[in-house]
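Student: generate a structure from the sequence data that follows.
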Amino acid sequence: MSDSSALHHLYQQHNGWLNTWLRMRLGNSSDAADLAQDTFVRVLSARNVEAIREPRTYLSAIARALMIDRFRRRAVEQAYLDVLALRPEATDISPETRLLIIETLTAVDAMLDELGERTRSIFLAVQLEGLSYVAVGERLGISVTTVKKHMVRAITHCLLLAQG
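Tutor: Here you go, the predicted model:
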């Protein structure tokens, strides 16, 4: 069986189940249908569809990751809109610019999520709060050397993501 016919078979056998599974979790058939389609698009990139032994487990794992991405993106977008609403002056941003901002914020959020908890809190304290390494060390009860080590780790991670 070719990969395309295996994918067609997988879709026929499990699309209904996946839509129902997603609808139960999302409470909305439109979002469920979108995520089901996105799930099968991801399956398209799989090297060997025929090798999938547990299709529902495989599909639900992909769909779960896509749901998490969607929830994270919506949370970032809502936080951005909340900050805009607090601004005293009206902000007129084109839909294209807004999309770029949301995509950038989502990428930054994902990057920060990949850092360990301590590295992330140190990085944010230095970068967002403007604290010195000494102040961060005092706040967290760690040495300046440890703060520097975590900052190197975070900045290296940022640079590797920017290159890749």
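Student: can you spell out which helices and strands pack onto the helix or strand bottoming out on mean pLDDT in the chain?
Tutor: Lowest mean confidence among the helices and strands of the chain (mean pLDDT, DSSP states H and E): helix 95-114, at a mean of 85. Counting contacts by 3 or more C-beta pairs under 8 Å, 6 or more residues apart in numbering; DSSP states H and E, helix 95-114 packs against helix 55-86, helix 117-127, helix 144-163. C-beta here means a position set from N, CA and C on the backbone, and glycine is covered the same way.
Student: quick one: which of those is nearest Ala110?
Tutor: helix 55-86 (7.3 Å; C-beta to C-beta).
Student: counting by contacts, list what the closest one packs against.
Tutor: In terms of contacts (3+ C-beta pairs under 8 Å, 6+ apart), helix 55-86 is packed against helix 3-26, helix 29-44, helix 95-114.
Student: any idea of the angle the second one forms with helix 55-86?
Tutor: Same thing as helix 29-44. Counting by axes from the mean of the first three to the mean of the last three C-alpha atoms, to 10 degrees, helix 29-44 points 120 degrees away from the direction of helix 55-86.
Student: now do the buried residues in helix 29-44.
Tutor: Going by neighbour count (16 or more other C-beta atoms under 10 Å), the buried part of helix 29-44 is Ala32, Ala33, Leu35, Ala36, Asp38, Thr39, Phe40, Val43.
Student: right, I'll call it a day here.
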